[in-house]
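Peer 1: Got a sequence here, can you build the structure:
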Amino acid sequence: MTGADSSSPLVVRREGPVEHVVLNRPDVRNAFNPALVEALRAWALSTAKATDARVAVLSGAGRAFCAGGDLAAMAGTINASREENLWDAARMAAMFEALDELPIPLIGRIHGAALGGGVGLASICDIAVAADDAVFGFTEVKLGIIPSVISPYALAKIGRSAARELFLTGARFSAARAREIGLVHAVVPSERLDDAVAVHVREILAAGPEAVRGAKALIRQVFGRPAAEVSGLTADALADRRVSNEGQEGMRAFLDKRPAEWVDR
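Peer 2: Below is the predicted model:
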């Protein structure tokens, strides 16, 4: 996707059960300003309540996915008080939290640059697909600041070892390195980016909608906890899915060697 027509900082369009969400500030490489931050948070909160959306694709208009903070917005923080800066940072943190808690899968379509907060967006994507010429970087320290509000999501994605290098140096790194450390899941030539994203969309749409939501919720509930601590929770979750209408349909469809009712024939 190379552009969008609307003057809104965020353009959303629906294709059946798929939400396409486009960062739409191409003149500044889709850098964050207050309007974009609020639009992303509002979209995530609204979509979390929707029952007909099954997957969302996040992309950037123009030459880049997201270049981090807008220079004009950042300039305004220089003379702001600590309280004003705290309010601004909390608003950014709330946006990332809302996106991370989205109950449906979020697929990142990453091209050009993903820097600073842009890497944060890549980190909260359940599936991230990058063009082979994309460039990444936790560049905050180069400006004398730190990758603070994105750190919970980045650390969960790339781990402590990679963060020690990349947070502290602010060095830019390639899509191949991003895949190596787990930040992205696939790297393809730029001309195949849309096709690669479409493959993941199709896989999700072939799965039970309630099961996908349940699987995403399960990750949050189980990750980082001892198996013995969550054994009751996981047994309950499996039993619930087996007796659910969707679970019954899925198992019957498998045994009958036919597509399940949620599969678009």
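Peer 1: Now do stretch 172-184: distance from first to last residue.
Peer 2: 15 Å (C-alpha to C-alpha, to the nearest Å).
Peer 1: repeat for stretch 59-71
Peer 2: Per C-alpha to C-alpha, stretch 59-71 runs 21 Å from first to last residue.
Peer 1: which residues are contacting that stretch?
Peer 2: Identification of contacts with stretch 59-71 by C-beta atoms under 8 Å, 6 or more residues apart in numbering yields 1-4, 11, 20-33, 108-119, 121-122, 134, 139-140. (Glycine included, C-beta is placed from N, CA and C.)
Peer 1: What of stretch 256-265?
Peer 2: 16, 205-206, 208-209, 246, 249-250, 253-254.
Peer 1: quick one: V129 is in a strand?
Peer 2: Yes - counting by DSSP: H, G, I helix; E, B strand; the rest coil, V129 is found in a strand.
Peer 1: Looks like it contacts A186 (just checking).
Peer 2: Yes - with contact defined as C-beta atoms under 8 Å, V129 and A186 form a contacting pair (4.7 Å).
Peer 1: Which one's more surrounded, these two?
Peer 2: A direct count of neighbours by other C-beta atoms under 10 Å for V129 and A186 places V129 higher, at 29 against 16.
Peer 1: The more buried one: what's it in contact with?
Peer 2: Counted by C-beta under 8 Å, 6+ apart, V129 has contacts 107-110, 184-188, 193, 196-197, 200.
Peer 1: so what's it bridging to?
Peer 2: Under DSSP bridges, the beta-bridge partners of V129 are R109, A186.
Peer 1: Distance check, it against A93.
Peer 2: Applying C-beta to C-beta, to the nearest Å, the value for V129 to A93 is 26 Å.
Peer 1: which residue packs closest to E101, ignoring adjacent ones?
Peer 2: Excluding the flanking residues, the one nearest E101 by C-beta to C-beta, 6 or more residues apart in numbering is A48, at 6.8 Å.
Peer 1: and the one you found, what helix or strand is that in?
Peer 2: Per DSSP states H and E: A48 is located in helix 34-49.
Peer 1: Can I get that helix in PDB, CA atoms only?
Peer 2: Once non-C-alpha atoms are left out, helix 34-49 reads as follows in PDB (Å, rounded to 0.1, in the frame of the first residue of the first chain):
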ATOM      1  CA  PRO A  34      -0.900  13.600  19.200                       C
ATOM      2  CA  ALA A  35      -3.600  13.200  16.600                       C
ATOM      3  CA  LEU A  36      -2.200   9.900  15.300                       C
ATOM      4  CA  VAL A  37      -1.600   8.600  18.800                       C
ATOM      5  CA  GLU A  38      -5.200   9.300  19.800                       C
ATOM      6  CA  ALA A  39      -6.500   7.900  16.500                       C
ATOM      7  CA  LEU A  40      -4.700   4.600  17.000                       C
ATOM      8  CA  ARG A  41      -5.800   4.300  20.600                       C
ATOM      9  CA  ALA A  42      -9.500   5.100  19.700                       C
ATOM     10  CA  TRP A  43      -9.400   2.600  16.800                       C
ATOM     11  CA  ALA A  44      -8.000  -0.200  19.100                       C
ATOM     12  CA  LEU A  45     -10.600   0.400  21.800                       C
ATOM     13  CA  SER A  46     -13.400   0.500  19.200                       C
ATOM     14  CA  THR A  47     -12.200  -2.600  17.400                       C
ATOM     15  CA  ALA A  48     -11.900  -4.500  20.700                       C
ATOM     16  CA  LYS A  49     -15.700  -4.200  21.100                       C
END
